[in-house]
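[1] take this sequence and fold it.
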Amino acid sequence: MDKYSVFSARLVEQTEYMASGHRACQGCAEVLALRLVLKALGRDTIVAMSTGCMEIISSPLPLTSWNIPWIHNAFENSSAVVSGCESGMKAMMRKGKLAPKKINFVAMGGDGATADIGMGPLSGALERGHDMIYVCYDNEAYMNTGIQRSSSTPYGASTTTSPAGKASIGQQTRKKNMPQIAVAHNVPYVATACPSFPFDLMEKVKRAAEIPGPAYLHILSVCPTGWRIPPDEAIRYGRLAVDTCMFPLYEVVDGKYRLTYRPNPVLPLKEYLSGQGRYRHLTEKDHEKIESMMKSDYEKIVKLSDEV
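    Below is the predicted model:
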């Protein structure tokens, strides 16, 4: 079996709920992640999506790539919109106006819509306990509007609003840890995923849908345009992010951590950083600092997983 297949391959849904013909950039791993999420969820799904790359590329008036009910909302409020859908549909079922049925209520947004602009509504939806899934497609910057930094942009990365130069390393703050923030809300399910590990991703989506209550999924979505890599390298860089421990794959079920993939061997972090244009200005000393931060973060997840 391919070493990147964490779970045994099960029959994958053949229907495409995200139709071809969209306008994503060549090599976009984010739209691949979106396709895999929808395949795992199936037709009985309602999506509320914040403004961002996936909204722009999928809905040029009068066309749409969506083959399920889909709502485009403002940058900040996909969580509020889908929580309203969940409450309204369940009220209709209670009153007999709609036949009882399992429906997946899903809010989606990029890292900017999640970690920055939509942080408040997301926190509120998680705290209220809606039976919904929030999916963050994390490409680590505001890519749709010109590669501006977000609070999910990693330390040292160069963007148009955190440019590297003689007096700056680029992004000078550390990446906001959104999965841990979601865990702090005491929700029943939180997980990280990456489309470079498709079966792991789909299994987690299915689990998020099956567990009652709010779930949070954080998906690393490699962006060749913003990361300045060749379009055909997106899957490889997703694997490198995981195999260097820069982006660990884990899940938290009712507060209990479990690493779903442990790299063996762990690859040198330089293999991940050195090929990306956004990191080409980094020195060996910078690499060492980033690796030290990464190891500290990864060891915390390992410790929490081993305690279970």
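[2] how much space between Gly146 and His22?
    The gap separating Gly146 from His22 is 20 Å, by CB to CB, to the nearest Å. Placement of C-beta: from N, CA and C, glycine included.
[3] Met108 is in what secondary structure piece?
    strand 104-110 (DSSP states H and E).
[4] which other helices and strands contact that strand?
    Counting contacts by 3 or more CB pairs under 8 Å, 6 or more residues apart in numbering; DSSP states H and E, strand 104-110 is packed against helix 29-41, strand 45-50, helix 53-58, helix 78-94, strand 133-138.
[5] what about that strand, average pLDDT?
    Averaged over strand 104-110, pLDDT sits at 98.
[6] what is the distance between that strand and the centre of its chain?
    11 Å (CA atoms, centre = their mean, to the nearest Å).
[7] partner strands of that strand and their direction?
    strand 45-50 (parallel), strand 133-138 (parallel) (DSSP bridges).
[8] of all the helices and strands packed on strand 104-110, which lies closest to Tyr257?
    Across the helices and strands packed on strand 104-110, Tyr257 has its closest neighbour in strand 133-138 (18.6 Å, CB to CB).
[9] only C-alpha atoms, please: export the helix or strand hosting Gln180 in CSV.
    Element membership for Gln180 (DSSP H and E) is helix 178-183. Once non-C-alpha atoms are left out, helix 178-183 reads as follows in CSV (Å, rounded to 0.1, in the frame of the first residue of the first chain):
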residue,chain,number,x,y,z
MET,A,178,-6.8,27.1,15.1
PRO,A,179,-7.2,23.4,15.8
GLN,A,180,-6.1,24.0,19.4
ILE,A,181,-8.5,27.0,19.7
ALA,A,182,-11.3,24.7,18.5
VAL,A,183,-10.3,22.0,21.1
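[10] for it, name the packing helices and strands.
    With contacts taken as 3+ CB pairs under 8 Å, 6+ apart, helix 178-183 sits against strand 133-138, strand 189-193, strand 215-220.
[11] reformat these as a markdown table; add mean neighbour count, mean pLDDT and distance to Lys175.
    Formatted as a markdown table, the helices and strands packed on helix 178-183 follow (neighbours: other CB atoms under 10 Å; pLDDT from 0 to 100; distance: least, CB to CB, whole Å):
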| stretch | mean neighbour count | mean pLDDT | distance to Lys175 |
| --- | --- | --- | --- |
| strand 133-138 | 27 | 98 | 9 |
| strand 189-193 | 27 | 98 | 13 |
| strand 215-220 | 27 | 98 | 11 |
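[12] rewinding a little: now tell me what touches the helix holding Gln180 from outside.
    Helix 178-183 is touched from outside by 111, 114-115, 123, 126, 134, 136, 138, 152, 190-192, 216, 218, 252, 255, with contacts defined as CB atoms under 8 Å, 6 or more residues apart in numbering.
[13] related to what we said a few turns ago, how about the helices and strands packed on strand 104-110 in TSV, adding distance to His287?
    Supplementary listing: these in TSV, determined by distance: least, CB to CB, whole Å:
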stretch	distance to His287
helix 29-41	24
strand 45-50	34
helix 53-58	29
helix 78-94	36
strand 133-138	22
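[14] noted, bye for now.
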